[in-house]
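Asker: next comes the sequence, and after it the predicted model I'd like to discuss.
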Amino acid sequence: MHDDRTLVEARLRRVLDERIRPAVYPESVPLRVAVWHAPGEPVPVEEGLAAEPEPIEAGARWGAPWGTSWFRVTGTVPAAWAGRTVEALLDLGFDENMPGFQCEGLVYRPDGTPVKGLNPRNQWVRIGAPVEGGEEVRLHIEAASNPVILDYHPFRPTRLGDKESAGAEPQYTLTRMDLAVFDETVWQLVMDLEVLGELMAELPVDSARRYDLLRAVERALDAVDLQDVNGTAACARERLTGVLSAPAVPSAHRISAVGHAHIDSAWLWPLRETVRKVARTTSNMTALIEDEPDFVFAMSQAQQWAWVKEHRPEVWARVKKAVAEGRFVPAGGMWVESDTNMPGSEAMARQFVHGKRFFLDEFGIENEEAWLPDTFGFAAGLPQIIKAAGSKWLLTQKISWSQTNRFPHHTFQWEGIDGTRIFTHFPPVDTYNCSMKGGEIAHAARNFKDKGRARHSLAPTGWGDGGGGTTREMVAKAARLRDLEGSASVVWETPRAFFEKAEAEYPEPPVWVGELYLELHRATLTSQAQTKQGNRRSEHLLREAELWAATAAVRAGLPYPHAELDRIWKTVLLHQFHDILPGSSIAWVHREARATYGRIATELTGIIGAAQRALAGDGDRDLVFNAAPHSRDGVPAGGAAARRPVRGTSPAPRPDGGHVLANGLLRVEIDARGLVVSARDLEADRETIAPGRAANLLQLHPDFPNMWDAWDVDEFYRNTVTDLTDADEVRAGEDGLSVRIVRSFGDSRVTQVLSLPPGERRLVIDTEVDWHETEKFLKMAFPLDLHAERYASETQFGHVFRPTHTNTSWEAAKFEACNHRFVHLAESGWGVAVVNDSTYGHDVTRAVRTDGDRGTTTTVRVSLLRAPRFPDPETDQGLHRFRHALVPGASIADAVREGWWINLPERGVTGAREVAPLVAVDNDAVVLTAVKLADDGSGDVVVRFHEAHGGRARATLTAGFEVADVTVTDLLERPDGDTEPPLRDGERIAVRLRPFELVTLRLRRA
């Protein structure tokens, strides 16, 4: 038989596009349209409904960037349409290829009841099914004219990312605003043909099933009268019944479809717009749930649920009803889908505390899965946090974006730094925006790496990023794919139902140990430095505020600021969203973030000050409060004591030019260029800096990645580098205890102050950069005379080791990595730490010297600043201040301690009395990450701590108050029934910890 396959397939495409799809709406009449443009920011619904609009016609331009326009559409259903299904088609000027990335709308009835959202893939509103004819139609649309930032020519710099620079030029053309007859039979025929055509394209060319589909499609097309599609669609559908009813083979892959709308809490739109995006999407999904009995929708990010509750109570009522029916499912148990590389230990824990508590308080639902489909890699400390929050599963698909290596599993156990394992699934569909296309379903089945051992995978289904969610078309396709020969089997299920099945069928999956490193988006560890500084400083201010407020509540009866701390924590957690903290949002988002962090700092400083004054009392003694988890200069951890006067040493001239700083422990030479050419550990008689090299070396690279400017740094950036060795001035600092260095380069200027505190092996480097470069990457290099095959980077509740070599492509791909407060490298018996107060990105390389001693130079480089132009064309322009310290002779214990100290400087207070710690620990390896009062208002003291050095530890915690009872709890401060309580002798509590083990204790006060 002759092969006419391509002929039939081409016929199908054209007939669908030009005849059948247009016949879904065979008749239409225009609606009358009027519009009112709200001045400034969005207005309440009542105000928008009451505004007096002016007439507007299809074809007119509307919508200044970031504006809100209230459209009123009115009309009458023609009497001739009686008995038929009628919909309003409301096209605001959509591009169907950009759902969630352009204008959107929320439709209301005149009484303010929300109907559904409008977006490029969801432009219809049902009027009646059937109508009687003659009905008056009146709808209101709150339309957002959000500009297109990520256009068909992506990553072009644009000023549209901030309302202050976006201008007022209308962005959209009003297109179709009609009443139309909806022909359900034709629409169903479209779904039949799309499913079969897409499946056909995925089957082998020599497959009998493919030709069965081909012949059935051909017969159906023969049955369609192209001049009377509506009259012949039913006959065409009958000819497809046989191929659509053929069941899937028993071995078919099984896909759990979960209705989904990944909504970025901010990205190419500001936070305030996300509030409305969530309202539009939830309106659509509750409407779809009412129409489709099998459909299940899951939504993560408790913050987004809270926005609906606060700002759209009318939508919230519909959401609560759907949740009660088990069809609208809270997912993830986190406050937002946060970044997981950069948030600190306690902040990562609080993501789960506040997220899970919201769903428990509102619905009584306990989430057991972490849901992070789009986060840019996963820190190795996360499994323990997930488990400590009472969860046991993780879903993400982002690792499929890695550029170099393909991850070997889709379902596996992920083991963290402490040995905790979490059952993890990567959907093989490789998207969180599955639309039920045949190509996506076939890819999931082919791509699934655990064939022969497992058969289930999950497909997050619906338009995301900017929201929108699942459509009726996706539901219709899924229904046809439930049991269809040649396809994977698709069924709507909750995340919990999927994980229970997947875990049951795969009881011994493979294990992946360590971080889940995304081989992409590495520059998110550096972009938008002030946002990252705001996060780091807010985290440490919150630690101080909780510690001192709890101590003052117990010791002085000061009311504990529960409400204030709860609100501030949620604000900080929101800004850890995976496009805010990583620096990949528009200018508006980061401008607001900087202002928000400023307000947070002011409020927390006020809480800290009030608590410390209550504790110190009235007096004239100079006291020092130490919030760090280790004692410092005679001041106990978590306590306050009299200030000890200290005096540093003045820099001495260096014979070859420059200066020498020495304090009996370290001798540091700074040459005439302002570079550190020697840092000698005097006790160990050991040089830190590699021979012939210089530390504190600023290096400037061109930085123009192939894509994703704010997100990516491509490895070729290293090919070109400029060492900034010319100095405008190198002199003793004005305090007489430091060396001041000034450099100019390009349009920028750097001022550094180097100092050596007395009695410490710590060279402190304060760097101020007035940054005005474009598409450049600024690093600070420390070439160390040290041979190490691996190094440690702090992560949540411990540290992770990474190789210094590039033996494999997996290691080579980690050319930019994340640290929290420290990086530590060591040979046996001697090491070096580089600590920081607000930077995260770094790289570590090694080279063997070919002359001299032939030793190894291991270079640590701290990433300071970038200057990408998309999506914020002014990224990082302006003044920045950083503090780093080089710590020669440091053990891992020293690195931990120095990291805390540089982030928690002492606070001086004048008062009458010293303050003993509320809770003390006798082993520096056991680090208190939180001391606070219980969230339930009981007055119990909650203490969270972990083993920080990577070994087993015994310690005694001593409470500075009378203890009635001690309970081991989870992160939500609920009793952990699986763990034996520690031994207690009065106020002394004995604990034993495994390496990096995390423990939370609740101490009931007598």
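Answerer: Everything's here; your move. Note that the structure is a prediction, hence the values are computed from the model and not measured.
Asker: which stretches of this structure have low pLDDT?
Answerer: For the chain, residues meeting the criterion pLDDT under 70 lie at 1.
Asker: report the longest helix in it, please.
Answerer: helix 587-616 (DSSP state H).
Asker: remind me what that one packs against, helices and strands.
Answerer: Applying 3 or more Cβ pairs under 8 Å, 6 or more residues apart in numbering; DSSP states H and E, we find helix 587-616 packed against helix 529-556, helix 562-574, strand 639-642, strand 907-911. The way it works is simple: take the backbone N, C-alpha and C, and place the C-beta from them, glycine included.
Asker: how distant is it from the center of its chain?
Answerer: 23 Å (Cα atoms, centre = their mean, to the nearest Å).
Asker: residue 551 contacts residue 640, correct?
Answerer: No. Between residue 551 and residue 640 there is no contact under Cβ atoms under 8 Å: 9.3 Å.
Asker: so what sits against both of those two?
Answerer: Common neighbours of residue 551 and residue 640 (criterion: Cβ atoms under 8 Å, 6 or more residues apart in numbering): 615, 915.
Asker: and the helices and strands packed on helix 587-616 as CSV, adding distance to residue 36 and mean neighbour count?
Answerer: Output for the helices and strands packed on helix 587-616, formatted as CSV (distance: least, Cβ to Cβ, whole Å; neighbours: other Cβ atoms under 10 Å):
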stretch, distance to residue 36, mean neighbour count
helix 529-556, 36, 23
helix 562-574, 31, 18
strand 639-642, 60, 20
strand 907-911, 53, 16
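Asker: closest to residue 669 out of the ones you listed?
Answerer: Residue 669 sits nearest to helix 529-556 of all the helices and strands packed on helix 587-616, at 29.6 Å, using Cβ to Cβ.
Asker: work out the gap between the closest one and the centre of the chain.
Answerer: On Cα atoms, centre = their mean, the centre of helix 529-556 falls 22 Å from that of its chain.
Asker: could you tell me the angle between it and helix 587-616?
Answerer: Helix 529-556 and helix 587-616 are oriented at 20 degrees to each other (axes from the mean of the first three to the mean of the last three Cα atoms, to 10 degrees).
Asker: pick out the residue nearest the middle of this structure.
Answerer: What sits nearest the mean C-alpha location of the chain, by Cα atoms, centre = their mean, is residue 578, with 2.1 Å.
Asker: next, count neighbours for residue 654.
Answerer: Applying other Cβ atoms under 10 Å, we find 17 residues neighbouring residue 654.
Asker: quick check, it in contact with residue 668.
Answerer: No. Residue 654 is beyond contact range of residue 668, at 10.1 Å (criterion: Cβ under 8 Å).
Asker: overlap in contacts of those two?
Answerer: Counting by Cβ under 8 Å, 6+ apart, the residues touching both residue 654 and residue 668 are residue 660.
Asker: buried residues in the following helix or strand past the longest helix of the chain?
Answerer: Using DSSP states H and E, the next helix or strand after helix 587-616 towards the C-terminus is strand 621-626. Buried residues in strand 621-626, counted by 16 or more other Cβ atoms under 10 Å: 621, 623-626.
Asker: packing partners for strand 621-626?
Answerer: strand 639-642, strand 907-911.
Asker: reformat these as JSON lines; add distance to residue 503.
Answerer: Output for the helices and strands packed on strand 621-626, formatted as JSON lines (distance: least, Cβ to Cβ, whole Å):
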{"stretch": "strand 639-642", "distance to residue 503": "47"}
{"stretch": "strand 907-911", "distance to residue 503": "49"}
